[in-house]
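>>> the following block contains a protein sequence and its predicted model.
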Amino acid sequence: MKEVQELIDNFSQDEALAYDAKKKPDYEFANQALRNMHQHTISALAGQMGLIYKTKNESDEYYEKKKNKPAYNPRHLFKISHYNHQKYGEVWIAYVSTVNPDPDIKLLSHAFFIVKEDGDLKIARIYIYSNQRGMSTTYDWEGLNGYQDLTFESLGELIEVNRILEPLDYQDSLKLYLEEK
């Protein structure tokens, strides 16, 4: 579990730095920050997490608007669940906040499925806890990018749950945190 927590901490730091790098008029620097972020994910997630590689700088006006924006905050990590999976062997789910969370508002909104690939831990699938972009009156997990056969339904035996940070009791965050899954 410690290795998984380190992966999420490193990814979250690199993700925040990649978002901050977009504010500087140096697209090569921004691309390097993005490569650093993607080292923690499977290759299929490159370009699927809100940031894309650039081939040129944005306009001067773009950077003028961004220059005084505060630095991005890394995601909150709430809990990690460890499973046996029929295809992937060990699978971990890291329950996290959205990108750039308010430090004082701790909401659980995403689940990162993590597998070992070529001996390294990698984020392999992303879920978001949503109301289908306002199309539903209830919230549930919506699978986004990554290995499509990694689902909550495909998980095998639960091995362990490690709770790290308790979220607010809002939009089911606390309920999801307390679940044994």
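Received, thanks.
>>> please identify the helix or strand for the residue lying closest to residue 41 once chain neighbours are set aside.
Distance criterion C-beta to C-beta, 6 or more residues apart in numbering; nearest residue to residue 41, sequence neighbours excluded, is residue 123 at 4.5 Å. Every residue, glycine included, has its C-beta placed from N, CA and C. Using DSSP states H and E, residue 123 falls within strand 120-130.
>>> grab the longest helix from the chain for me.
Longest helix in the chain, counting residues (DSSP state H): helix 2-21.
>>> show residues contacting it.
29-30, 32-34, 36-37, 39-41, 49, 51, 71-75, 77, 80, 82, 92, 94, 96, 99-100, 112, 114, 121, 123, 162, 164 (C-beta atoms under 8 Å, 6 or more residues apart in numbering).
>>> okay, buried residues for it please.
Within helix 2-21, the residues that count as buried by 16 or more other C-beta atoms under 10 Å are 4, 7-8, 11-21.
>>> now these in TSV, with pLDDT?
Converted to TSV, the buried residues of helix 2-21 look like this (pLDDT from 0 to 100):
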residue	pLDDT
4	98
7	98
8	98
11	98
12	98
13	98
14	98
15	97
16	98
17	98
18	97
19	97
20	97
21	97
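>>> which single one of those residues is nearest to residue 108?
residue 8 (13.1 Å; C-beta to C-beta).
>>> rewinding a little: of the buried residues of helix 2-21, which is the nearest to residue 45?
Nearest to residue 45 out of the buried residues of helix 2-21 is residue 11 (C-beta to C-beta; 10.6 Å).
>>> how near is that closest one to residue 25?
Separation of residue 11 from residue 25 (C-beta to C-beta, to the nearest Å): 26 Å.
>>> try residue 51
Here residue 51 is placed at a distance of 16 Å from residue 25 (C-beta to C-beta).
>>> same question for residue 126.
Counting by C-beta to C-beta - residue 126 and residue 25 are separated by 30 Å.
>>> most centrally placed residue in this structure?
residue 112 (5.6 Å; C-alpha atoms, centre = their mean).
>>> for it, give me the pLDDT.
Per-residue confidence (pLDDT) for residue 112: 98.
>>> cool, residue 162 as well?
98.
>>> which elements pack onto the one helix or strand it maps to?
According to DSSP H and E, residue 162 maps onto strand 155-163. For strand 155-163, the helices and strands in contact under the criterion 3 or more C-beta pairs under 8 Å, 6 or more residues apart in numbering; DSSP states H and E are strand 77-85, strand 89-96.
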